[in-house]
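In: Sequence and computational prediction follow.
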Amino acid sequence: MFKVICIDDKHRPPDVPTTCWIKEGEEYTVRRVGKNKLTGDEYFILEEIQPTPPYGGYHVRRFKLPHEDAVAAQYELQAAI
């Protein structure tokens, strides 16, 4: 797990309530990294908040990462579990 800061909370899908949406400038804890099977886009599953289905998480590009290898390192941790 690692911490990220939201840098983009724009364009919330209309079917996701604001109570389930991230806020710019807030810090969140990444529990897991997932990959959308259709688009290949990576997303974060966060400790503090989750979007409503069918969304699995929040796109990685919406966050400032602690270092450039953070996502790859999280994949390695997940594989070890």
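Out: Sure thing, it's come through.

In: Would you verify that residue 76 is located in a strand?
Out: No. For residue 76, which was evaluated using DSSP: H, G, I helix; E, B strand; the rest coil, the result is helix, with no strand membership.

In: With residue 70 as the reference, measure out to it.
Out: Going from residue 76 to residue 70 by C-beta to C-beta, to the nearest Å gives 11 Å. For glycine as for every other residue, the C-beta is placed from the backbone atoms N, C-alpha and C.

In: which one of these two has more residues nearby?
Out: Higher neighbour count among residue 76 and residue 70: residue 70, with 17 against 9, using other C-beta atoms under 10 Å.

In: Could you check the pLDDT of the more buried one?
Out: Turning to residue 70, the model gives it a pLDDT of 82.

In: List the residues that contact it.
Out: When the contact criterion is C-beta atoms under 8 Å, 6 or more residues apart in numbering, the partners of residue 70 are 2, 4, 30.
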